[in-house]
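*Asks:* Pasted the sequence and its predicted model underneath.
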Amino acid sequence: MAKKQDFVQHLTSRQDDFAQWYTDVILQTELVDYAPVRGCMVMRPYGFALWERIRAEYDKRFAETGHQNVYMPMLIPESMLLKEAEHVEGFAPEVAWVTQGGTEQLQERLAIRPTSETIFCTMYSKWVQSYRDLPMKYNQWCSVMRWEKSTRPFLRTSEFLWQEGHTIHETPEEAQQETMQMLEIYRDVAENIMAIPMLIGQKSDKEKFAGARATYSMEAMMQDGKALQAGTSHNFGTNFAEAYDIKYLSREGKLEYVYETSWGVSTRLIGAIIMAHGDDRGLRMPPRIAPIQVVLLPIAFHKEGVLEETNKVFERLKNAGFRIKLDDRDTVSPGFKFNEWEMKGVPLRLEMGPRDIENHQVMACRRDTNEKTVLTLDNLENEVSELLDEIQKGMYEQALKFRTEHIKNVTNMDELGAAVTNGFAKAMWCGDRACEDEIKEKFGASSRNMPFDQEAEAFGDTCVCCGKKAKKVMYFAKAY
RNA sequence: CGAGGUGUAGCGCAGUUUGGUAGCGCGUUUGGUUCGGGACCAAAAGGUCGCAGGUUCAAAUCCUGUCACCUCGACCA
């Protein structure tokens, strides 16, 4: 390796050490940096821009489906947190507490929210009087804190950014419809914008949210074959309503409990994009979510006319609505820029040098396939648009192909153990917690979710673990 | 919380065994030549050696304590 190249570190290959590759990528592409407090991360401009893109896509859809944004306080009194027993038990081990204000010891300690069910419930019980007030469909974009024992940037951090939707309804049917609608919105954006195929389905009792009647998730496969729970949607029934006394006067003039849902996605989605699409040269951003879709490089721009012509192209594409970056730094060579923007995952690179200007064209290079093509200036906007669409489609198909090849239908424990070393196992399961525990104990794999169309997905009637009658089709995998 | 590892310039590291007053590569700054796949030459700046004690004429180096981070496990929507 030439000495002069050492100043940009090379990435660890995915095959050598996937975890190290991930760390190399997120630090070198300047998505994040480590914070002074253990388990916290600093989101740098490129990483935060990606989060803002994700947020914009979801926020738009939340609004379209009648949700309103609010902001709840970060501190929750201990007594308020304690009202729903299962919920407390689930979160108590990882709550951070404020015990002192200024120099005064507090009368009652305050939890830094690990999630906001308790405060939403408290406020809803105040705000709801009559069926005319329902439904209430609120969402907030905020950060939460969970004192995790081990952390990885984006995947599990002590503090992380997310949205949490909380809704209350008159009927169980409405609540269930809401729960499903939000899961579908999660899936839609994940698959069609982030190009990551998702498995959607219901969680087992063991894995469901603390305090929920039912939890549904979308699960993605990373390139090391592990699962990432990328979004969850919960139906609480009247569970929290009973604990927090959220009652209203119904159409029949009776006091009734509301039916409640909550649902969330977090900055963990960024981890999903990185680990679903990245390659040994760095990130690969799907065009629809990429903070920068096109990077434009003038080549040999000390030469007559290059900068001027490149600038014209830049203005044209910017005006056409592309998220485009003109890299006219004269301090680094073109080769350096190629590698840097590839590492950052920009889907399309355009180069413009004296030869291109002479021929009335630009050179285009796709990040996903590394293919180079010549685009004519006359039809530039359309050709760029078509290329970006192809990249988006190609990346989804590639991820889907990978996932398909790494899901195995298994009928015994040996097959299950083998399948989860590099992918998901799809198995028939009796529904007992004991079998989940045994699979976790033996292989380190947990149940992920149960597909909705059980009839179509079933492929046997004995449990993969205990051999008793199987009730469900369940995915098992090692998980982040 | 258990096992192991690491703290020396912005980043990556050497130096610690055998104590003698800190070095290499990259990056950064300045000037010049370059520019179609990680450019080259020259000069320069940059360090309380994680922190606190101790031993010694003398500590990055030896001793004691402490803090932080990393990896693996356990834990964990």
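*Replies:* Nice, I can see it. Since the model is a prediction, treat every value here as computed from it, not as a measurement. Numbers count the residues shown, from 1 in each chain, chains lettered A, B, ... in the order given.
*Asks:* State whether residue A:273 is indeed within a helix.
*Replies:* Yes. The assignment for residue A:273, made by DSSP: H, G, I helix; E, B strand; the rest coil, places it in a helix.
*Asks:* Could you pull up the contacting residues of it?
*Replies:* Each residue near residue A:273 by Cβ atoms under 8 Å, 6 or more residues apart in numbering is listed here: A:50, A:194, A:196, A:283, A:285-286, A:289. (Each C-beta comes from the backbone N, C-alpha and C, glycine too.)
*Asks:* cool, residue A:249 as well?
*Replies:* With contact set as Cβ under 8 Å, 6+ apart, residue A:249 has these partners: A:129-131, A:255-256.
*Asks:* Near RNA strand B, list only the ones from those residues.
*Replies:* Taking Cβ under 7 Å from any atom of the strand, there is no overlap between those and the neighbourhood of RNA strand B.
*Asks:* and of these, the nearest to RNA strand B?
*Replies:* Checking those against RNA strand B with Cβ to the nearest atom of the strand, the nearest one is residue A:256 at 26.3 Å.
*Asks:* can you give me the offset of the helix or strand where that closest one lies from its chain's centre?
*Replies:* Per DSSP states H and E, residue A:256 falls inside strand A:255-257. In terms of Cα atoms, centre = their mean, to the nearest Å, the centre of strand A:255-257 is found 36 Å from the chain centre.
*Asks:* Mind listing what's buried along it?
*Replies:* Buried positions in strand A:255-257, judged by neighbour count with 16 or more other Cβ atoms under 10 Å: A:256-257.
*Asks:* Could you name the helices and strands sitting against the following helix or strand past that strand?
*Replies:* Note on strand A:255-257: by DSSP H and E, the next helix or strand toward the C-terminus is strand A:259-266. When contacts are defined as 3 or more Cβ pairs under 8 Å, 6 or more residues apart in numbering; DSSP states H and E, strand A:259-266 packs onto helix A:117-127, strand A:159-169, helix A:172-192, strand A:227-237, helix A:239-244.
*Asks:* pLDDT (mean, whole number) over the longest one?
*Replies:* Within the predicted structure, the mean pLDDT of helix A:172-192 is 98.
*Asks:* got a list of what the residue most central in space within chain A touches?
*Replies:* Among the residues of chain A, the one closest to the centroid is residue A:269, at 1.7 Å (Cα atoms, centre = their mean). With contact set as Cβ under 8 Å, 6+ apart, residue A:269 has these partners: A:54, A:190, A:194, A:230-231.
*Asks:* Any part of the helix ranked longest in chain A near RNA strand B?
*Replies:* Among the elements of chain A assigned as helix by DSSP state H, the one spanning the most residues is helix A:380-405. No. In terms of Cβ under 7 Å from any atom of the strand, no part of helix A:380-405 sits within range of RNA strand B; the closest distance is 14.4 Å.
*Asks:* any idea of the angle that helix forms with helix A:172-192?
*Replies:* Our comparison of helix A:380-405 with helix A:172-192, counting by axes from the mean of the first three to the mean of the last three Cα atoms, to 10 degrees, yields an angle of 110 degrees.
*Asks:* buried sites along helix A:380-405?
*Replies:* A:380, A:383-385, A:387-388, A:390-392, A:394-396, A:398-399, A:402-403.
*Asks:* right, and the helices and strands packed on strand A:259-266 - which one's nearest residue A:323?
*Replies:* helix A:172-192 (17.2 Å; Cβ to Cβ).
*Asks:* orientation of the closest one relative to strand A:259-266 in degrees?
*Replies:* Regarding helix A:172-192 and strand A:259-266, their directions subtend 10 degrees when assessed with the same axes, to 10 degrees.
*Asks:* neighbouring contacts of helix A:172-192?
*Replies:* Everything outside helix A:172-192 that qualifies as a contact, by Cβ under 8 Å, 6+ apart, is A:54, A:57-58, A:61-62, A:65, A:135, A:137, A:165, A:167, A:169, A:196-198, A:200, A:214, A:216-218, A:220, A:230-231, A:233-237, A:259-261, A:263, A:265, A:269, A:272, A:288, A:396.
*Asks:* Likewise for stretch A:121-135?
*Replies:* Around stretch A:121-135, the neighbours that count as contacts under Cβ under 8 Å, 6+ apart are A:72, A:80, A:83-84, A:136, A:166-170, A:174, A:178, A:240-241, A:243-251, A:258, A:260.
*Asks:* For that stretch, what is the distance to the chain centroid?
*Replies:* Relative to the mean C-alpha coordinate of its chain, stretch A:121-135 is positioned 31 Å out (Cα atoms, centre = their mean).
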